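Colleague: give me the fold of what follows.
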Amino acid sequence: MNCPQYMYEGQSLSCHCLVNPASPGFPPATAQWQGSSPGKKLVITDVTRDDAGRVFMCSLTWGPANDTIVKTSEYELIVAYPPPSPPVITGHENKSVLLVGERLTLTCTVTGGRPLVTSLSVRCWSGVQSEPSAMTVVNNSVTLTFSIEAVEARHDGTECVCTGDWEGGREAYNASGRIVLTVIQGVNVLAWQVVAGASGCVALVVFIVVVVVARRGQRRENDDNISAEFDALNENTTV
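Modeller: Numbers count the residues shown, from 1 in each chain. Model (predicted):
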């Protein structure tokens, strides 16, 4: 057979069931797709995913009447298509906080596609150095784990990008998954939370400050009133 390993959606399949010219036998054997005339091509126009998994049988016949089946070979039509969605990075979410010195482990996963992606890579800018672990394949998902032993302050704002290589054919898989690291010193956690919080939280802080100032002013006014009353009492009781 001269059939391709993969077909891609929209292509047309055309392949032959052939006798090996190096050993045709005597008299020469005949090869044909079952249900067709000898030498006829197998033709499928406009291949779709619905054609995936179809099996065709190529039969080699030989004998005085060319009616003895000597060998058969199967051809399964595999329709190639890329993963339907971009890589997904887990282990850290945008806007969540990492402390300096903390270990970061990211997992990149690509699901689906036929064939599956052949490789994954995670790359972070700003000179982050790490060694990815070996890839794992579970069902129809390919996963790569990537670790940074200890994040540093200079990694704040670093973008980590995960990409996958899909070698199923002409239809390229160019999608990528991305996250941005937020790294701060431990003593700055409270300040960061106030700044990064909702405006309602900031308003609450301002309200508390106003209340405290008002109470201090009221307390000072009360103290002045008490002092005036005490002075008046002294004047009335002086001999």
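Colleague: residues near N2, how many?
Modeller: 10 (other Cβ atoms under 10 Å). (Glycine included, C-beta is placed from N, CA and C.)
Colleague: just confirm it contacts C15, I think it does.
Modeller: Yes: using Cβ atoms under 8 Å, N2 makes contact with C15 at a distance of 5.2 Å.
Colleague: give me the pLDDT for V128.
Modeller: What the model reports for V128 is a pLDDT of 66.
Colleague: and for the one 10 residues further on?
Modeller: Per-residue pLDDT puts V138 at 93.
Colleague: do you know how far it is from Q11?
Modeller: Taking Cβ to Cβ, to the nearest Å as the measure, V138 falls 30 Å from Q11.
Colleague: right, and T182 touches H155 too?
Modeller: No: using Cβ under 8 Å as the test, T182 is too far from H155 to be in contact (9.3 Å).
Colleague: any common contacting residues for those two?
Modeller: L98 (Cβ atoms under 8 Å, 6 or more residues apart in numbering).
Colleague: of V138 and Q11, which one has the most company?
Modeller: Q11 (17 against 9).
Colleague: residues in contact with the more buried one?
Modeller: 46-47.
Colleague: rerun that using 6 Å as the cut-off
Modeller: Listed by Cβ atoms under 6 Å, 6 or more residues apart in numbering, the contact set of Q11 reads V47.
Colleague: so which helix or strand takes in S14?
Modeller: S14 belongs to strand 13-15 when elements are defined using DSSP states H and E.
Colleague: pairing partners for that strand, with directions?
Modeller: Sheet pairing of strand 13-15 (DSSP bridges) gives strand 42-44 (antiparallel).
Colleague: contacting residues around the strand it pairs with?
Modeller: Strand 42-44 is contacted by residues 13-15, 33, 56 when judged by Cβ under 6 Å, 6+ apart.
Colleague: do the same with stretch 98-115
Modeller: The contact list for stretch 98-115 (Cβ under 6 Å, 6+ apart) reads 80-84, 87-91, 117, 120, 122, 140-151, 153, 162, 164, 168, 183, 185-186.
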